[in-house]
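1. Just a sequence and a predicted model for now, questions to come.
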Amino acid sequence: MLQLLTFLVEKLSLLSKFKLFESSWSDAADKSRERHAQRGHPPTLRRGDLLEVPRTLFTHYGIYLGDNKVAHLIPDILPVLTNDQKLISTVITNKRLILGCMYKCATVRVDTLEDFAYGSSIMVNHTDKTVKNHALANEDVAKRAEKLIGAIPYSLLWNNCEHFVTYCRYGSAVSRQTEKFCEVLKSIIRDQRSVIVTGLLGIISIVYFGMATSTTVPTILIPFTLWMAG
């Protein structure tokens, strides 16, 4: 039992320090030095610049188009429900965003710099120093972003806002946020104590819900899969 408690504390500690979709191209000190703008004081931007702003659980990305406009990919359920462009163009609420994630529907849209930043500080072209591919010419970056404006399939891990901007600026869609999440998930799967924990939870579900295929099969299959994967 002590081993199980130790395992749970370790994993909860790991996840508490891990912002689910936070960019980690460099450490916090680099981010602090590289931050070019504070709230209400945007930097001098060029068309085609890659912008990033911190959110609660992730970092959001966009491509600056000039004239105070930013193209960014964001989950949104509204394009599925209506063709009213005036309504769709309004600022996306959290409810629209969450439902868009669930329905796997997003849109590459153009918003003002202020709406994109949403009160957060802005970092400009921070990934240029760490991405292997060289950045394309700024005008080419902006044109790529403009070509993708409209509804687009969405995947939290495989086609998110970071994939959009890295494709536009570097010609290759990658997401360090996804890579970081997968690294944490892999470390949990590889930890053999995961087998014990999932097995214990499975036994509890059998005791609580009774012996049935829906409880017995996962109780055997999931721990076995984790054991083999580890």
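-> Here it is on my side, so go on.
2. Show me the helices in the protein, by range?
-> 2-17, 28-34, 78-81, 85-88, 94-103, 113-117, 138-147, 161-170, 176-190, 193-209, 213-229 (DSSP state H).
3. ok, of the ones you listed, where does mean pLDDT dip lowest?
-> Across those, helix 28-34 has the smallest mean pLDDT, namely a mean of 41.
4. so Ala142 makes contact with Ile63?
-> Yes. The pair Ala142 / Ile63 is scored as a contact, 6.4 Å apart, by Cβ atoms under 8 Å. All C-beta atoms are positioned from the backbone trio N, CA, C, and that covers glycine.
5. Looking at those two, which is more packed in?
-> Between Ala142 and Ile63, Ile63 has the larger neighbour count (other Cβ atoms under 10 Å), namely 28 against 23.
6. number of nearby residues for Asp84?
-> The number of residues near Asp84, taken as other Cβ under 10 Å, comes to 11.
7. before we move on, back to that, mind listing the shared neighbours of Ala142 and Ile63?
-> 48, 71, 168 (Cβ atoms under 8 Å, 6 or more residues apart in numbering).
8. Throw the residues you listed into TSV and include neighbour count and distance to Tyr208, thanks.
-> Below are the shared contacts of Ala142 and Ile63 laid out as TSV (neighbours: other Cβ atoms under 10 Å; distance: Cβ to Cβ, whole Å):
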residue	neighbour count	distance to Tyr208
Gly48	23	56
Ala71	25	49
Cys168	28	50
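9. Now tabulate those residues in JSON lines and tack on distance to Leu148.
-> Compiled in JSON lines, the shared contacts of Ala142 and Ile63 are given as follows (distance: Cβ to Cβ, whole Å):
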{"residue": "Gly48", "distance to Leu148": "14"}
{"residue": "Ala71", "distance to Leu148": "8"}
{"residue": "Cys168", "distance to Leu148": "8"}
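10. what about Gly62, distance to Asp49?
-> Remark: distance between Gly62 and Asp49 (Cβ to Cβ, to the nearest Å) = 9 Å.
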